[in-house]
Each structure stands twice: as structure tokens, then as C-alpha cells.
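any chance you could fold what I've pasted below:
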Amino acid sequence: MTGWERLGIGGLSQAFRSGRLSPSAVLDDALAGIAGIDDDLSAFVAIDADGARRAAAAADAELQRGRWRGPLHGVPIAVKELFDVAHLPATYGSHVRAGAVASADAEVVRRLRRAGAVIVGLTRSHEFGWGITTQHPGGAGTRNPRHPDFIPGGSSGGSAAAVAAGLIPAAVASDTGGSIRIPAALCGVAGIKPTFGRIPRDGCVPLAPSLDTPGFIARTPDDLAILLEASAGWSAADPASLIPRMADPGPWPSTLAGRRVGVSPDLLSTAIAAPHLAAYERTMDVLSGLGATIVELRLPAAAEYWDAFTAIQMAEAYDVHHRQLGLFPGRAADYGQDVRLRLERAASVDMGTYFAACDRRRHLAAALDVALASVDALLTPVNPCTPPRRADPDHITAPDGTRQPFRDVLMGYTVPQNLAGVPSVTIRAGTDEMGLPCGVQLTSARGQELAALRLAEILDRELGFTTPR
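Now for the predicted structure:
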């Protein structure tokens with residue numbers, strides 16, 4: 001590596017335009033870095049070296065002619081394997097689809113290419129996106145680049161690990177119940193789950209269609225904003241994308257005087273380990289020190305969001321695999337054990353249970369909408385404790401010393417945003433006793449992605465983990 005990996009998208013763009021670096025040289029260095037460490041890290045499942053080199057050479061030629069497509073011009077980007085990339089594997093992390101190849105790009109990939117991005121390859125996902133560990137049934141699980149004995153989170157674990165390791169500046173990801181925010185937090189990078197429908201889903205295999213939200217993982221909130229603005233907008237193939245444009249918050253001063261940031265004890269789903277609580281409280285102190293007013297918000301308990309989410313996700317995922325894909329139960333033996341067991345349990349979720357959960361969802365979403373309307377953002381933790389080790393990826397030792405399922409401890413913190421369809425930005429806020437990152441998220445009202453990113457950018461710079469002060 002020659003230092004480009006510390007520049008981020010904005011820095012790379014400036015270096016390309018000035019001629020200090022070239023897209024082809026940076027790509028070659030990125031490919032060498034992937035070849036050097038990814039056998040151990042296991043962040044990638046496929047590399048399109050030839051296609052990427054052609055795209056980088058074309059970006060070089062355009063720059064030499066004076067054509068600049070924007071800040072993504074020539075920037076290497078990876079794509080979570082749930083999204084189709086033409087001529088690359090379309091297995092979606094599962095043996096069930098062994099040998100499948102995508103015939104065309106997903107819409108978000110087409111938009112990134114049009115903006116000048118160089119698509120490097122596919123990053124590893126948990127099987128069909130239904131898991132938060134990114135450990136593959138075949139044993140090729142992604143490692144956390146901060147500490148290889150631990151999981152990176154999921155389901156976008158490969159995307160987060162690749163960015164955190166400095167292999168690429170950013171990656172496409174998706175979030176159904178925390179699948180961007182969890183690995184971003186565990187790997188210590190930035191991630192955004194936009195408003196539901198903001199980025200079209202066509203060309204991405206569904207997990208639970210009413211919850212699935214494409215987004216991004218990158219080094220900084222500034223980089224996330226560049227990716228979001230290049231990819232957001234309506235697609236005729238995805239009716240959910242017919243939503244109002246993102247609100248423009250206009251310029252913000254470096255202080256937060258007059259801004260209101262909410263906190264809610266009701267959304268502290270489980271006990272928080274001491275280092276993670278300290279990181280969360282320090283974040284509140286930093287916001288307050290910058291002039292923000294901290295407001296306590298009352299909301300339904302996190303467990304209510306988790307219960308409604310579970311029924312909806314299970315019913316919709318079963319419908320996807322049984323009716324839409326036609327894979328379950330006929331190909332049950334080819335699924336990994338954890339996803340197979342979830343599908344077996346999901347088969348028992350009847351329509352009455354599903355519709356009752358959908359009705360409850362409307363009330364829970366409305367409560368969150370009302371709360372968010374009163375603040376600029378809601379601050380909550382993402383990971384309340386150290387993640388599992390890869391040797392036992394589905395369980396953790398909770399702060400009270402008991403062994404508990406990782407999903408049950410963590411996901412109460414991340415599913416409210418999916419139920420309500422509101423945007424949330426994750427950044428690093430601290431470090432635990434194992435040297436692993438502690439993450440927090442800033443959730444804003446629907447359509448307020450850019451405001452959440454601006455607040456995250458200011459906070460990230462002040463905390464000093466990824467953006468130097």
C-alpha cells in the first residue's frame with residue numbers, strides 16, 4: 001500500500017484530478033493488497049481484475065481529455081455479493097445457487113459505474129443476507145480486521161472488513177435489520193442505512209422486501225454522502241423508490257448550537273458493557289460540548305420493535321425462499337444450518353401473526369416518527385458488548401456473565417430503524433477491552449439522510465477515530 005487507502009473518496013478524487021495519483025495505479029495497488037491479505041481476511045468472494053483494469057484505464061483516459069464524472073471518477077468500489085454484478089457469481093453466499101452467474105448489473109451498480117466508479121469485485125455476505133456473523137457454511141468466514149479471532153458482524157461483513165482493512169475506500173451493502181450498521185460498528189468504519197426506498201433494490205436478492213435497504217460502508221460520513229448522492233433516486237423497477245427527494249439541510253456551522261439530539265432509555269435493548277457505555281456517554285458529552293441540547297425521548301420498548309420485526313422478517317423471508325425463489329424446502333439440505341433452521345421456524349408464521357405484526361409495526365413506526373420530528377437526530381448504541389469469537393460466532397458472554405445468542409443481545413438496537421424505514425448513520429465512538437470498536441448510530445427522520453450525515457461528520461471529526469481533527 002502506498003498511502004492512498006487513507007485518503008478516502010474525497011481525497012482520491014482530488015489526487016486523481018491533480019494528477020498526483022492515477023486510477024490505474026491505485027487499482028493495481030488495491031488488487032495487490034487484496035491478493036496479499038484476503039486469503040486470511042476472506043472479505044472478497046470474487047475479483048473482476050480484468051474488468052476493473054479496463055474501467056480504470058478508461059477513467060485515466062477521460063481525465064487526460066479533461067472529462068471528470070464527479071468525485072467517484074476512477075475510485076475502486078466493491079459490491080456485497082447479494083447485488084448482481086454482470087458476469088460475476090450470483091450465488092448470494094449460498095451453496096443452493098452454486099454456479100449461478102449474473103447477466104446484468106444491479107441498478108445501484110449501474111449508477112456507480114455511470115458516476116465513474118471502478119467495480120473491483122464482490123464482498124462476502126452472510127448466506128442470503130440472513131445472519132449477522134458473515135461466517136459461511138463452507139467455513140470461509142470473514143475475519144474482523146481489528147482482531148482476527150472475532151467476527152466482523154453481518155450480513156455485510158465482507159464490505160466492512162474490506163474497508164476497515166484499507167483494501168478499498170467503500171463498498172455497497174444492504175441493511176434489513178442492522179446488516180450495514182452492525183459490521184460498520186464492529187469493524188470501526190462508517191455506514192449508512194438510508195430511508196427505505198432511497199436506493200433502488202432491483203438486482204439485489206431480497207431477504208424481507210418491506211425491510212430491505214441498500215446502502216454503503218466507507219471510511220467517513222463524507223464518503224457516504226458522495227455514494228448516496230450518486231445512487232439515490234427513482235427506478236421504474238422498484239416501486240418503493242418512488243419517494244420524495246432527500247431534504248437539503250444546507251450548510252451547518254462547526255458548532256451544534258441550537259441542534260437537538262435525542263436519547264432514549266427505552267431503546268437500550270439490553271445491558272451495555274462498561275467500555276461501550278463509556279463510548280456512548282462520551283459521545284453525548286461531545287455533542288453537548290459542541291452546543292447540542294440532549295433531549296430524552298420516550299418510546300415503546302426496544303423489545304416491542306424486535307418482536308414485530310422478527311415476525312415480519314421471518315414471514316417475508318420464507319415467502320422469498322419458498323414462493324419467489326422456489327428453493328425451500330426442496331433444497332433445504334443445501335442451506336447452511338443457521339439459515340435452514342430459521343426457514344424451518346419461519347414456515348410456522350401464519351398470516352394472522354404476520355398481519356398482526358404489520359399492524360403493530362404501524363404504531364411503532366409512528367411513535368418513532370413523532371420522536372424524530374422533535375430532534376435533529378436520535379443517538380443510540382449499535383453494539384452493546386464485544387462481538388463473538390469466530391469459534392462460537394452465534395453466542396456472546398453478556399455483560400452479566402451469561403452465554404446468550406448474539407442476535408438477541410444486539411438486534412434490539414438496530415431493528416427500529418428498519419421497521420420505521422428511517423435513515424441511520426453509524427460511526428466509531430470508542431474501543432473495548434479487546435481492542436475492538438464501539439459504534440453509535442445517529443437516526444434522523446425519513447428523508448433527512450444528509451442532515452444525519454452532516455451531524456455524523458462533525459461528531460466523527462471531533463471523536464477523532466477516522467477523521468483527523
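
any regions of the stretch 351-469 of the chain where pLDDT drops low?
467-469 (pLDDT under 70).

show me the shaky parts of this protein.
1-2, 467-469.

centre of it to the edge, which residue is at the far end?
In the chain, Arg65 marks the outermost C-alpha relative to the chain mean, sitting 35.7 Å out by C-alpha atoms, centre = their mean.

so how far is Gln337 from that one?
Remark: distance between Arg65 and Gln337 (C-beta to C-beta, to the nearest Å) = 54 Å. In this view, the C-beta of every residue, glycine as well, is placed from N, C-alpha and C.

which other helices and strands does the longest helix seen in the chain contact?
The residue-count maximum for a helix in the chain (DSSP state H) belongs to helix 351-372. The contact analysis (3 or more C-beta pairs under 8 Å, 6 or more residues apart in numbering; DSSP states H and E) places helix 351-372 against helix 302-319, helix 415-420.

please name every helix or strand in contact with the last one.
Read it as helix 415-420. helix 302-319, helix 351-372, strand 437-443.

note down every partner strand of the helix or strand just after it and its orientation.
Going down the chain from helix 415-420, the next helix or strand is strand 424-431, by DSSP states H and E. Here strand 424-431 is paired, per DSSP bridges, with strand 190-193 (antiparallel), strand 437-443 (antiparallel).

out of the ones you listed, which one sits most buried?
Of all those, strand 190-193 carries the top mean neighbour count, a mean of 33, counting by mean count of other C-beta atoms under 10 Å.

name the residues that touch it?
156, 160, 173, 175, 180-181, 183-185, 213, 215-221, 223-224, 228, 417-418, 423-428, 449, 452-453, 456, 460, 466 (C-beta atoms under 8 Å, 6 or more residues apart in numbering).

please enumerate the strands of the stretch 51-200 of the chain.
76-80, 118-123, 170-175, 190-193 (DSSP state E, counting those that start in this stretch).

hmm, back to that, now render the helices and strands packed on helix 351-372 as a markdown table, adding distance to Pro393.
Listed next are the helices and strands packed on helix 351-372 as a markdown table, based on distance: least, C-beta to C-beta, whole Å:
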| stretch | distance to Pro393 |
| --- | --- |
| helix 302-319 | 20 |
| helix 415-420 | 20 |
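
out of those, which is closest to Leu112?
helix 415-420 (23.3 Å; C-beta to C-beta).

which residues of the stretch 151-300 of the chain fall in helices?
Assigned by DSSP state H, counting those that start in this stretch, the helices in the stretch 151-300 of the chain fall at 157-164, 181-187, 221-231, 274-289.

show me which residues of the longest one are buried.
Counting neighbours by 16 or more other C-beta atoms under 10 Å, one finds that the buried residues in helix 274-289 are Pro275, His276, Leu277, Ala278, Ala279, Tyr280, Thr283, Met284, Val286, Leu287.

just how off-centre is that helix within its chain?
22 Å (C-alpha atoms, centre = their mean, to the nearest Å).

over to the third one?
Relative to the chain's own centre, helix 221-231 is displaced by 13 Å; criterion: C-alpha atoms, centre = their mean.
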